[in-house]
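Undergrad: sequence and predicted structure below; questions after.
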Amino acid sequence: MEKSQKHPCFNPHAKEKYARVHLPVAPKCNIQCNYCNRKFDCVNESRPGVTSAVLEPPKAVEYLEKLHERMEHISVVGIAGPGDPFANPEKVIDTLRLVKQRFPELIFCLSTNGLNLYDYIETIAALDVTHVTLTINAIDPELSTKIYRFARYKKRMYQGLAAAELLLENQLKCIPELKKHGIIVKVNTIIIPGINEHHVDEVAKKVKALGADIMNCMPLYPTKETPFETLKHPSPGMMKAIRATTATIIDQMTHCSRCRADAAGLLGKDDIDSRHLLKEMTKEAPLHKSDRKKVAVGTHEGMLVNRHLGDTTEFYIFEHTRNGYKLSEQRTAPPAGGGDMRWEKLATVLDDCRAVLVSGAGNKPTGVLQRKGIMVMQMTGLIDEGLDHVFLNKPLKAVAKQDSFKCGDGCSGNAQGCA
């Protein structure tokens, strides 16, 4: 509770003094809400799911370091999307570990729908996450079917009542488990006129009984190109009445600013310049400035880029010479199996390469290689076109389309090769 005194979301008296930063490292989501569209990003738009860019964990720490130099009184680092943290657990946990190493004094918080949270509670507690926000819009599965279109859980898709029941079960079991680990729990409930405005007090009673500390009743933000885009914004009178009723059940947060996934600064007074910095952090340095003289290629015959990273057993190594591109050697890739260590070993095998050209790659191996300074380029077509892009910075036309492959960004990266 002492840390809550410096958390502007949990203490209204802190919002004018202490700044918070949301690190946008979680692009994927595992449910589809009828009020959410993560596609749009307007500089004047302040709502969850919106960000100007998505960062990899090391870049997120670098971004935080730069913010720390120019922004006083940062007390909180949060991860709230733009998707759901636990639809991207590896990225989120990597980010928390790196931030903890660099800024152990900061408060760590997460905002999630709770579908995939339970199995990670012990891990986040060990990383000193002290505040978690769960979005729970209903405790009646039948009502929830009007709010959610689907849920994706452990590689299986659920729809309708099955999705609603699964989501609710997982959300509710997280609250006592979070409290068992000493984590402060806030419950966000979106007030959706015509859907759940008469049900909010039931949500409040249930989450309070399970141990939640505070509730935040948030008015619906009708967003274009969503099923709820034509619904009306809850009136001030409706919100006042709902908050008054639920305040008799559980403590209320009444100063919410509906923060973006890349929010930075004082609550309600976001630092606009931070978004320019965020975009700068995601710009790739020109590849032709690299000191590394070689490029690795996943290819069957030495002419086309046509092998997936995890399926490549031997990489062709090319160099740029006065007489054009030269195939200098072939290197054996580490064998399948071994988890992350396989990709660490591959980074060592390719440590003098500035890039690797492949037809597809999973998030996990991509992250490991790029942290080692090896750009992973997913493309199809002639090897020479990829080499022109790497060495001469020419535009690349043959970019791989993820849905053209059985593996791509969605690959689990389990080091077992391709099915």
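TA: Nice, thanks for sending it over.

Undergrad: residues near Glu65, how many?
TA: 12 (other C-beta atoms under 10 Å). Every residue, glycine included, has its C-beta placed from N, CA and C.

Undergrad: how close does it get to Thr312?
TA: Counting by C-beta to C-beta, to the nearest Å, the gap between Glu65 and Thr312 amounts to 35 Å.

Undergrad: same question for Ile79.
TA: 33 Å.

Undergrad: where along the stretch 101-250 of the chain do the helices fall?
TA: Using DSSP state H, counting those that start in this stretch, the helices of the stretch 101-250 of the chain run over residues 121-126, 141-144, 160-180, 200-210, 236-247.

Undergrad: so the closest residue to Arg371 other than its chain neighbours is in which element?
TA: Closest residue to Arg371 apart from its sequence neighbours, by C-beta to C-beta, 6 or more residues apart in numbering: Pro58 at 5.7 Å. Pro58 is part of helix 57-70 when elements are defined by DSSP states H and E.

Undergrad: quick check: buried residues in that helix?
TA: Pro57, Lys59, Ala60, Val61, Tyr63, Leu64, Leu67 (16 or more other C-beta atoms under 10 Å).

Undergrad: what number of residues lie near the closest residue to Val305 other than its chain neighbours?
TA: The spatial neighbour of Val305 that comes closest, neighbours along the chain excluded (C-beta to C-beta, 6+ apart), is Leu357 at 4.7 Å. Neighbours of Leu357 under the rule other C-beta under 10 Å: 33.

Undergrad: give me the secondary structure label for Leu357.
TA: strand (DSSP: H, G, I helix; E, B strand; the rest coil).

Undergrad: look at it and report its pLDDT.
TA: Leu357 carries a pLDDT value of 95.

Undergrad: switch to numbering from 45
TA: Renumbered: residue one is now 45, and that last one reads Leu401.

Undergrad: beta partners of it?
TA: Under the criterion DSSP bridges, Leu401 forms beta bridges with Val341, Met421.

Undergrad: contacting residues for it?
TA: Shown in contact with Leu401 (C-beta atoms under 8 Å, 6 or more residues apart in numbering): Val339, Ala340, Val341, Gly342, Val349, Met421, Met423, Ile427, Gly430, Leu431, Val434.

Undergrad: for it, give its distance to Met423.
TA: The spacing between Leu401 and Met423, counted by C-beta to C-beta, is 6 Å.

Undergrad: between those two, which contacts overlap?
TA: In contact with both Leu401 and Met423: Val349, Gly430, using C-beta under 8 Å, 6+ apart.

Undergrad: neighbouring strands - and their directions - for the following helix or strand past the helix holding Pro102?
TA: Sequence order places strand 118-123 as the next helix or strand after helix 101-114, per DSSP H and E. Strand 118-123 has the following strand partners under DSSP bridges: strand 63-66 (parallel), strand 151-156 (parallel).
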